[in-house]
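Undergrad: Generate a structure from the sequence data that follows.
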Amino acid sequence: MKICAVELRSNEAIICLLSKSNSMMDIPDCRTQKFIIKDSLDNKEMREFQFAFKKLLDDYQVDRVVIRTRETRGKFAGSAIGFKLESAIQLIDGLDVQFMSSVDIKQALKRTAPMVDFRDTGLRQFQEAAFITAYAHLS
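TA: Prediction:
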């Protein structure tokens, strides 16, 4: 199974691809690490984001998208743009989208800690939360 984990921060959708086959995890090369939206009020730009995201998933034959949930209120609440990006991803036709909360991620990591240090993965530092989400979902 190949998944795309997404962490939404402000106007960015940070992604990490991870696949699991026969209990082996693999981080496939990917042409992009994040999508950035400049104007969330522009319908054309939101549709372009949705199209580009779907194209990436099709090109890399991703089976599922896992989005790291954010708080809706309070100090650590997600931004309105982040929730719009989340909706745009959810509305992609035929896409299996699931969510993981921070609590679910911590529980999964307690059961199965990552076998490799994040610095050795070859991913960029800003992708760490997306990688942890993907790893927790597949473990």
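
Undergrad: Going by C-alpha atoms from here, please, whenever you check contacts or count neighbours.
TA: OK.

Undergrad: So, low pLDDT: which residues of the chain?
TA: Applying pLDDT under 70 to the chain flags the ranges 72-78.

Undergrad: and with 80 instead?
TA: 71-80 (pLDDT under 80).

Undergrad: Next one: Lys44 from Lys38, what distance?
TA: According to CA to CA, to the nearest Å, Lys44 stands 11 Å off from Lys38.

Undergrad: And the helix ranked longest in the chain, what's buried?
TA: Using DSSP state H, we find that the single longest helix of the chain is helix 43-59. Under the neighbour-count criterion of 16 or more other CA atoms under 10 Å, helix 43-59 has Met46, Phe49, Gln50, Phe53, Lys54, Leu57 buried.

Undergrad: From the contact counts, what lies against that helix?
TA: When contacts are defined as 3 or more CA pairs under 8 Å, 6 or more residues apart in numbering; DSSP states H and E, helix 43-59 packs onto helix 80-90.

Undergrad: Convert the C-alpha atoms of the helix or strand following the helix it packs on to PDB, please.
TA: As assigned by DSSP states H and E, the chain's next helix or strand after helix 80-90 is strand 97-100. C-alpha atoms of strand 97-100 as PDB (Å, rounded to 0.1, in the frame of the first residue of the first chain):
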ATOM      1  CA  VAL A  97      -9.000  10.100   2.600                       C
ATOM      2  CA  GLN A  98      -8.500   9.300   6.200                       C
ATOM      3  CA  PHE A  99      -7.600  11.400   9.200                       C
ATOM      4  CA  MET A 100      -5.200  10.800  12.100                       C
END
